[in-house]
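**Q** have a look; sequence and predicted model below, questions after that.
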Amino acid sequence: MPAVPVIDTHVFLRDGDKLLLSQRGGAYGYGRWHAPSGKLDRGETLRSGAARELYEETGVRVDPGRLRLVHTVHHRQSPEIERIGFFFEATEWEGEPENREPAKCLDLRWFSVHELPEDIIEYPAAGLYGYLDGGRVLTEHGFSGGRGGRGALGGVRPCASPPAVG
């Protein structure tokens with residue numbers, strides 16, 4: 001049976017060594033940190049969806065073409081639900097971040113990449129640490145052994161050079 005994953009976009013708003021994180025106010029992950037994120041809408045491109053979600057949650061406008069894909073996470077939320085999260089970095093934007101969804105977000109806060117909070121939700125943490133590691137392009141999270149599994153935070157590194165032809 002083919003997988004039908006939920007497609008999520010996450011944006012790391014980065015200013016030097018600082019990253020903007022939001023503290024969840026909804027039922028999922030209440031009080032824990034993650035990056036501005038949301039589900040991709042039907043017919044929307046990944047970058048457009050990421051820019052829309054960032055604006056809806058923080059009021060910050062970013063040109064979708066300036067978003068850089070920095071990591072991908074294939075996340076198994078439950079035996080019935082899989083998600084694919086595309087993590088983008090934004091280093092140029094317009095506006096100052098503000099909490100535009102107070103019913104879903106308790107706080108927006110800048111953190112040094114060297115002093116991140118310990119209570120980051122596991123799925124976005126997999127993308128965040130994959131991004132900061134810089135060597136992995138994909139993390140498979142929530143799978144345990146067997147089919148498609150690489151453990152809790154298994155990562156796939158890119159090839160150092162293209163395979164030889166011939």
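**A** Cool, got the structure.
**Q** so Pro117 makes contact with Asp107?
**A** No. Applying C-beta atoms under 8 Å as the test, Pro117 and Asp107 come out as separate, 10.7 Å apart. Heads up, the C-betas are built off the backbone N, CA and C, glycines and all.
**Q** for the protein, which spans come out with low pLDDT?
**A** For the chain, residues meeting the criterion pLDDT under 70 lie at 145-166.
**Q** tell me where it has strands.
**A** Remark: strands assigned in the chain by DSSP state E are 6-15, 18-24, 33-34, 37-39, 68-76, 82-90, 105-112, 138-141, 153-156.
**Q** of those, which is nearest Arg61?
**A** strand 82-90 (10.0 Å; C-beta to C-beta).
**Q** C-alpha coordinates for the closest one, PDB please?
**A** The C-alpha trace of strand 82-90 is given here as PDB (Å, rounded to 0.1, in the frame of the first residue of the first chain):
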ATOM      1  CA  GLU A  82       3.800   9.400   8.500                       C
ATOM      2  CA  ARG A  83       5.000  13.000   7.800                       C
ATOM      3  CA  ILE A  84       7.700  14.400   5.600                       C
ATOM      4  CA  GLY A  85       9.100  17.600   6.900                       C
ATOM      5  CA  PHE A  86      11.100  20.000   4.700                       C
ATOM      6  CA  PHE A  87      13.300  22.400   6.700                       C
ATOM      7  CA  PHE A  88      14.300  25.700   5.200                       C
ATOM      8  CA  GLU A  89      16.700  28.400   6.300                       C
ATOM      9  CA  ALA A  90      15.800  32.100   5.900                       C
END
